[in-house]
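**Q** give me a 3D structure for the following:
(chains A and B)
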Number of protein chains: 2
Amino acid sequence: MKIGIVGGTGDIGEGMALRLSPNYDVIVGSREETKAIATCDLCRASLEERDLACSLLGVTNQRAVDEADVVVLAIPFKHVAPTLKALTGFEEKIVISPVNPIERTTYFYYAPPPEGSAAMMIRGMLPPGTVVCAAFNNVAANRWQMLDEALDYSVAVCCDDEGAKRTVMELVNSVSSLRAYDAGPLRAASLVESVTPLLLNIARFNKLRDVGLKFV
Amino acid sequence: MKIGIVGGTGDIGEGMALRLSPNYDVIVGSREETKAIATCDLCRASLEERDLACSLLGVTNQRAVDEADVVVLAIPFKHVAPTLKALTGFEEKIVISPVNPIERTTYFYYAPPPEGSAAMMIRGMLPPGTVVCAAFNNVAANRWQMLDEALDYSVAVCCDDEGAKRTVMELVNSVSSLRAYDAGPLRAASLVESVTPLLLNIARFNKLRDVGLKFV
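**A** Now for the predicted structure:
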């Protein structure tokens, strides 16, 4: 299975490339192909240091979509609409949204678009035949790149297609100590996305770092 | 410190009475005093079986408010407005809202009132000088009464008064293995309340029972 990462040169995108490329063919996309190639070189070096083989290819965002079976949108919420408008070819692909619409004053809060969640907005922007899954939303962003630390979190997955949901849950379970949970249909993704500002508030007000969650 | 429980004869109210009365003076309120007295008798028997001393008094909801320093609203969201309209005397008290406005179709979703959360609605209904804290929202309801099982969960606390927040966090930390976290101002309580329908979905779609959460 080929995983394309749109926005693969950002913190989360690069971290996902590191964590996924030992097990999957990972295609790192960027608006600038040279940046994607540089990220892949860095990831490869990091993995080789740990004697881990990997499969990584740095390309444009469009080619990352074209070549992938599963596309991860590793981009901030505010970049989602312009990025998706510039890309084509999502038909028959599984698109994973780890995107959280968050704003901040003296605390972090959930600021979803009119569709109710980033995931529902993304589904509305993509062509029919694309399956959107919300997943990885609550994994502490900084932790993806800390290869020597386990990612020991629960991951809620929302999707309306049962087959795609199983595929994404297997993908989640293949990463470090992440554990996937079925969190229902895509409409329920707002409940998952809104956990992230809660975790940011917990970190902020309790002077903690990289707070994640586990269902127990 | 005296803890009054409005709605103290429901599942959560009775469970809280069981868990709090060994450490605090607990005043169990009900619309019908006889029911409150019966609940206290049951709790006392349950605790005596385990050689635990307790302080329990069964009274009306109004008297539970009048006699308490801290009032817990252990009532379903739909009963909050009519219950609060019938009660007086909240001035200078700390009011804890574990209330979650949830609705259900094929999945559970968050259905907050126009104020943004149950906690903010409750603050708007109570007189000035009352301090409202959101706490205990995500503790699996059935677990409160299972005295022989630890409550090993994280509890997010939202409040605008730092002193009251500390008091409530200490109260939380006194119960079984619960651990309190400062989750920011009361306006952020929607993020805490909306975790509960997520946990109900996780339980439902993964065939689990009594799912709670831990911040890690």
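**Q** can you report how many residues lie near residue A:32?
**A** Neighbours of residue A:32 under the rule other Cβ atoms under 10 Å in any protein chain shown: 12. Just so you know, the C-beta spots here come from the backbone N, C-alpha and C atoms, and that holds for glycine as well.
**Q** what do you get for residue A:162?
**A** For residue A:162, using other Cβ under 10 Å, the count is 9.
**Q** run through the strands of chain A in chain order.
**A** Taking DSSP state E, the strands of chain A run over residues A:2-6, A:25-30, A:55-60, A:70-73, A:94-97, A:102-104, A:108-110, A:131-134, A:154-159, A:179-182, A:213-215.
**Q** redo those strands as TSV? Include mean neighbour count and distance to chain B.
**A** Output for the strands of chain A, formatted as TSV (neighbours: other Cβ atoms under 10 Å in any protein chain shown; distance: least, Cβ to the nearest Cβ, whole Å):
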stretch	mean neighbour count	distance to chain B
strand A:2-6	26	24
strand A:25-30	26	26
strand A:55-60	20	29
strand A:70-73	27	21
strand A:94-97	28	16
strand A:102-104	14	10
strand A:108-110	21	6
strand A:131-134	27	11
strand A:154-159	27	7
strand A:179-182	20	4
strand A:213-215	19	5
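**Q** can you redo those as TSV with mean pLDDT?
**A** Output for those, formatted as TSV (pLDDT from 0 to 100):
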stretch	mean pLDDT
strand A:2-6	98
strand A:25-30	98
strand A:55-60	97
strand A:70-73	98
strand A:94-97	98
strand A:102-104	98
strand A:108-110	98
strand A:131-134	98
strand A:154-159	98
strand A:179-182	98
strand A:213-215	98
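**Q** next, format the ones you listed as a markdown table and append distance to residue A:36.
**A** Compiled in a markdown table, those are given as follows (distance: least, Cβ to Cβ, whole Å):
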| stretch | distance to residue A:36 |
| --- | --- |
| strand A:2-6 | 9 |
| strand A:25-30 | 4 |
| strand A:55-60 | 3 |
| strand A:70-73 | 14 |
| strand A:94-97 | 18 |
| strand A:102-104 | 26 |
| strand A:108-110 | 30 |
| strand A:131-134 | 23 |
| strand A:154-159 | 25 |
| strand A:179-182 | 27 |
| strand A:213-215 | 31 |
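**Q** which one of the ones you listed lies nearest to residue B:175?
**A** Nearest of these to residue B:175, taken as Cβ to Cβ: strand A:213-215 at 19.6 Å.
**Q** and the contacts of the closest one?
**A** For strand A:213-215, contacts defined as Cβ atoms under 8 Å, 6 or more residues apart in numbering or on different chains pick out A:138, A:152-154, A:156, A:181, A:195, A:199, B:199, B:202, B:208, B:211-216.
**Q** cool, stretch A:12-22 as well?
**A** Outside stretch A:12-22, the residues touching it (Cβ under 8 Å, 6+ apart) are A:3, A:5-8, A:26, A:28, A:39-40, A:42-43, A:46-47, A:52-56, A:72, A:74-75, A:98, A:136, A:141, A:143-145, A:147, A:151, A:171, A:174-176.
**Q** one more: stretch A:46-62?
**A** Contacts of stretch A:46-62 (Cβ under 8 Å, 6+ apart): A:6-8, A:17-18, A:21-22, A:24-33, A:35-41, A:43-44, A:67, A:83, A:86-89, A:147.
**Q** helices of chain A, start to end?
**A** Here chain A has its helices, by DSSP state H, at A:11-20, A:33-49, A:61-67, A:77-85, A:118-125, A:162-173, A:189-193, A:195-205.
**Q** the shortest one vs chain B: in contact?
**A** Yes - with Cβ under 8 Å from any Cβ of the partner chain as the criterion, chain B is reached by helix A:189-193 at A:190, A:191, A:192.
**Q** tell me the confidence at the second one?
**A** The predicted local confidence for residue A:191 comes out at a pLDDT of 98.
**Q** got the contact list for the residue nearest to it when sequence neighbours are not counted?
**A** Spatial nearest neighbour of residue A:191, chain neighbours left out: residue B:198 (4.0 Å); criterion: Cβ to Cβ, 6 or more residues apart in numbering or on different chains. Counting by Cβ under 8 Å, 6+ apart, residue B:198 makes contact with A:156, A:183, A:188, A:191, A:192, A:195, B:108.
**Q** let's have those residues in JSON lines, adding distance to residue A:165.
**A** Converted to JSON lines, those look like this (distance: Cβ to Cβ, whole Å):
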{"residue": "A:156", "distance to residue A:165": "11"}
{"residue": "A:183", "distance to residue A:165": "10"}
{"residue": "A:188", "distance to residue A:165": "12"}
{"residue": "A:191", "distance to residue A:165": "16"}
{"residue": "A:192", "distance to residue A:165": "13"}
{"residue": "A:195", "distance to residue A:165": "19"}
{"residue": "B:108", "distance to residue A:165": "18"}
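**Q** fine by me, thanks again.
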